[in-house]
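[1] My questions are about this predicted structure, shown below with the sequence.
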There are 2 protein chains.
Amino acid sequence: MNLATKIVETNIRCGECPIRHRAVCAYCEAPDLVKLDAIKSYRTYKAGETITWAGERNDMIGSVVSGVASLSRTLPDGRRQMVGLLLPSDFVGRPGRDNSPYDVVAAHEVVMCQFRKKEFENLVKSTPALEHRLLDMTLDELDSAREWMLLLGRKTAREKIASLLAIIARRNAVLERKDVVDGLQFAVPLTREAMADYLGLTIETVSRQISALKKEGIIDLIDSRHVRVPDFAILLDEAGDDSDGGMPY
Amino acid sequence: MNLATKIVETNIRCGECPIRHRAVCAYCEAPDLVKLDAIKSYRTYKAGETITWAGERNDMIGSVVSGVASLSRTLPDGRRQMVGLLLPSDFVGRPGRDNSPYDVVAAHEVVMCQFRKKEFENLVKSTPALEHRLLDMTLDELDSAREWMLLLGRKTAREKIASLLAIIARRNAVLERKDVVDGLQFAVPLTREAMADYLGLTIETVSRQISALKKEGIIDLIDSRHVRVPDFAILLDEAGDDSDGGMPY
DNA sequence: CGATATGTTGAACATTCTCAAGGGATGTGG
DNA sequence: CCACATCCCTTGAGAATGTTCAACATATCG
């Protein structure tokens, strides 16, 4: 029984939840957790499954417990832009509004910890710790979004790819509680298409730039979804930002 | 004595403030306003003046009362991307963090209602109405940022210009409490350079696309900073999004 | 095994950028 | 008041970057 199955089937208590200290509940103490426990439910979404559709009414909100999901917007003619990458502990859904213009799609199998929106909103009103955490998380997301805007508006295709790989490498290191070291190897949890939607490129350009980085020895490709970075500083240099510039996630 | 001068010199009370019902204080009642009144101060910034520098410690935060300011990030080699357009009632500064990676620059003369960060943060802790409003405003900003990401990542130069003009037209209409009607005329409060930084383009491309829209009769140019839109629906069509798609601001 | 989804590569093309020149405004000092 | 500088904007020509269209490779799954 893997972790995802265990979480869903046993409906584990908040106190044992893997995202307990980073999710919307992070600032809550035991008494508040009891209330959250009472209104939460777990649900799994398969890879490729849509969690919420843009424009449709949705009365569940919650946290990503495991897996990866994407938040994206689509133009009427079909052009799509990913506007958020949802990772474990990230919050899904906008409190105080009944529908949102975003599609949320599971990139890999996703376990969500969900609340009925109405009940959650009521709890937020009476629980400062929840509202405070929600504010901090939203401010962080806003910073990420703005970092991303810099990438979309001003970086070259090559810099975009390098930035994305650096972001994924860092996040993986954090999740696995390792340092970002040279020789680091990691899985890219996105298809070429998802990467293109993330970076505002076409899949062909993504593929070509990855091939170029490989040819130049900046990355090694184990297979199309697994990357090794011999020298992380070189990758960061290709990403175009200062070493001190904050990165999303 | 114009409004800006009057606000600053007389240090008007919150109850009479023009942004009273849209700013961070919008949800506050009289008792909270007294506390805000006690710690606030007004300050003016001239056009072109930098309000806060990226990376530098800044212990003032506050609201834009009048004028227009830009929030932007810069890559080490000088490429710049505007990541926020700050209008009256918008909040400047990030609570809970001592410096931010953004330059805030006045585009036109700006009047700020400022608080010492420490004092403001303390007040937020004891004032749910403030924190609640801050959350709502941050969520709105996040939606705007994501809309903008769609523009930066997927729209053509022409669509970007049309989108920006539509945004400015709408905002002007709201501020002047008019409807967005055909034949609407308005001032563009940005230089070509600022528009380019906003849209992720060069000033030459901005200039060319504006000329093209003019040549095709989609807009009239009174002068380089004043636009008239004969048929708003046509402009929206050029912007690429659905009529129902939300617009930033 | 064929069908489908994913990824790579090539060639022609389109869009946007870069570099360059020049046209008003506005302001300043002589 | 003129000469000059500065700022903002426009336009042109050529170059570069990224896209489109197309073919093909690889892997997975029934």
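    On my side now, so go ahead.
[2] So which residues of chain A form strands?
    A:40-45, A:50-52, A:60-66, A:69-74, A:80-86, A:91-92, A:103-106, A:110-116, A:184-187, A:220-223, A:226-229 (DSSP state E).
[3] Which one, of those strands, ends up nearest to residue A:161?
    Of all the strands of chain A, strand A:226-229 sits nearest to residue A:161, with 10.6 Å by Cβ to Cβ. The C-beta positions use only the backbone N, C-alpha and C, and glycine is treated the same way.
[4] Tell me how far residue A:211 lies from residue A:224.
    Here residue A:211 is placed at a distance of 10 Å from residue A:224 (Cβ to Cβ, to the nearest Å).
[5] Likewise for residue A:64?
    Applying Cβ to Cβ, the value for residue A:64 to residue A:224 is 25 Å.
[6] So these two - more neighbours on which side?
    Taking neighbours as other Cβ atoms under 10 Å in any protein chain shown, residue A:64 and residue A:224 compare with residue A:64 leading, 24 against 11.
[7] Pretty sure residue A:36 sits against residue A:25.
    Yes - Residue A:36 is within contact range of residue A:25, at 5.7 Å (criterion: Cβ atoms under 8 Å).
[8] Could you give the number of residues near residue A:186?
    21.
[9] residue ranges of the helices in chain A, please?
    Secondary structure of chain A by DSSP state H: the helices cover A:3-10, A:30-39, A:117-126, A:128-154, A:157-175, A:192-199, A:203-215, A:232-239.
[10] For residue B:165, find the nearest of those.
    helix A:128-154 (17.9 Å).
[11] If you count contacts, what does the closest one end up packed against?
    Judged by 3 or more Cβ pairs under 8 Å, 6 or more residues apart in numbering or on different chains; DSSP states H and E, helix A:128-154 is in contact with strand A:80-86, helix A:117-126, helix A:157-175, strand B:69-74, strand B:80-86, helix B:128-154.
[12] From residue A:179, how far out is residue A:222?
    20 Å.
[13] And these two? Which one has more around it.
    Between residue A:222 and residue A:179, counting by other Cβ under 10 Å, residue A:222 is the more crowded of the two (12 against 9).
[14] excluding its backbone neighbours, what's nearest that one?
    Leaving aside its chain neighbours, residue A:222 sits nearest to residue A:228 (6.3 Å; criterion: Cβ to Cβ, 6 or more residues apart in numbering or on different chains).
[15] Look up which residues are beta-bridged to the one you found.
    With DSSP bridges as the criterion, residue A:228 is bridged to residue A:185, residue A:220.
[16] need the contact list for it.
    Counting by Cβ atoms under 8 Å, 6 or more residues apart in numbering or on different chains, residue A:228 touches A:183-185, A:219-222.
[17] Could you pull up the residues touching the spatially most central residue of chain A?
    The geometric centre of chain A, computed from its C-alpha atoms, lies nearest to residue A:86 (Cα atoms, centre = their mean), at 2.4 Å. Counting by Cβ under 8 Å, 6+ apart, residue A:86 touches A:64, A:68-71, A:92, A:104.
[18] Quick check: chain neighbours aside, which residue is closest to it?
    Residue A:86 sits nearest to residue A:69 (Cβ to Cβ, 6+ apart), 4.1 Å away.
[19] who's in contact with the residue lying closest to residue A:110 once chain neighbours are set aside?
    Once flanking residues are discounted, residue A:110 sits nearest to residue A:67: 3.5 Å by Cβ to Cβ, 6+ apart. Contacts for residue A:67 (Cβ under 8 Å, 6+ apart) come out as A:4, A:45, A:88, A:106-111.
[20] lowest-pLDDT helix or strand in chain A?
    Within chain A, confidence by mean pLDDT, DSSP states H and E is lowest for helix A:3-10 among all helices and strands, at a mean of 71.
[21] Strand A:60-66 and that one, what's the angle between them?
    Counting by axes from the mean of the first three to the mean of the last three Cα atoms, to 10 degrees, helix A:3-10 points 140 degrees away from the direction of strand A:60-66.
[22] Can you give the distance of helix A:3-10 from its chain's centre?
    Relative to its parent chain, helix A:3-10 has a centroid offset of 21 Å by Cα atoms, centre = their mean, to the nearest Å.
[23] same deal with stretch A:221-230?
    20 Å.
[24] close to DNA strand C, is it?
    Yes - for stretch A:221-230 and DNA strand C, the contact criterion (Cβ under 7 Å from any atom of the strand) is met by A:221, A:224-225.
[25] Contacts only, for the residue in chain A that DNA strand D sits nearest to.
    In chain A, the residue found nearest to DNA strand D is residue A:205; the distance is 3.1 Å by Cβ to the nearest atom of the strand. Residue A:205 is in contact with A:157, A:196, counting by Cβ under 8 Å, 6+ apart.
[26] Please read off the pLDDT at it from the model.
    You'll see residue A:205 listed with a pLDDT of 98.
[27] mind listing what's buried in stretch A:192-206?
    By neighbour count on 16 or more other Cβ atoms under 10 Å in any protein chain shown, the buried set for stretch A:192-206 is A:192, A:194-201, A:205-206.
[28] Relative to DNA strand C, which of the residues you listed is nearest.
    Using Cβ to the nearest atom of the strand, the buried residues of stretch A:192-206 come closest to DNA strand C at residue A:192, 3.5 Å.
[29] Specify which residue of residue A:36 and residue A:25 has the higher count of neighbours.
    Per other Cβ under 10 Å, whichever of residue A:36 and residue A:25 has more neighbours is residue A:25, with 24 against 21.
[30] who's in contact with residue A:136?
    Neighbouring residues of residue A:136 by Cβ under 8 Å, 6+ apart: residue B:96.
[31] And it, how close does it get to residue A:22?
    11 Å.
[32] before we move on, what about residue A:150?
    Taking Cβ to Cβ as the measure, residue A:150 falls 25 Å from residue A:22.
[33] which one of the two has more residues nearby?
    Of the pair residue A:150 and residue A:22, residue A:150 is the one with more neighbours under other Cβ under 10 Å, namely 26 against 16.
[34] so that one touches residue B:81, yeah?
    Yes - under the criterion of Cβ under 8 Å, residue A:150 makes contact with residue B:81 at 4.5 Å.
[35] okay, and the common contacts of these two?
    Taking Cβ under 8 Å, 6+ apart as the criterion, residue A:150 and residue B:81 both touch residue B:73.
[36] need the residues of chain A near DNA strand D, please.
    Near DNA strand D, when you scan chain A using Cβ under 7 Å from any atom of the strand, you find A:156-158, A:200-202, A:204-205, A:208.
[37] Next, count neighbours for residue A:170.
    18.
[38] how's chain A carved up into domains?
    Domain assignment of chain A by automatic domain parsing yields the ranges A:3-150, A:156-239.
[39] and residue B:162, which of these is closest to it?
    Using Cβ to Cβ, the nearest of those to residue B:162 is domain A:3-150, at 13.0 Å.
[40] for chain A, which spans come out with low pLDDT?
    Residue ranges of chain A with pLDDT under 70: A:1-3, A:9, A:243-249.
[41] Apply 80 and report the result again.
    A:1-11, A:175-178, A:242-249 (pLDDT under 80).
[42] now the strands of chain A in CSV, with distance to residue A:127?
    Output for these, formatted as CSV (distance: least, Cβ to Cβ, whole Å):
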stretch, distance to residue A:127
strand A:40-45, 14
strand A:50-52, 24
strand A:60-66, 15
strand A:69-74, 25
strand A:80-86, 23
strand A:91-92, 15
strand A:103-106, 25
strand A:110-116, 12
strand A:184-187, 37
strand A:220-223, 45
strand A:226-229, 41
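[43] Done for today, thanks.
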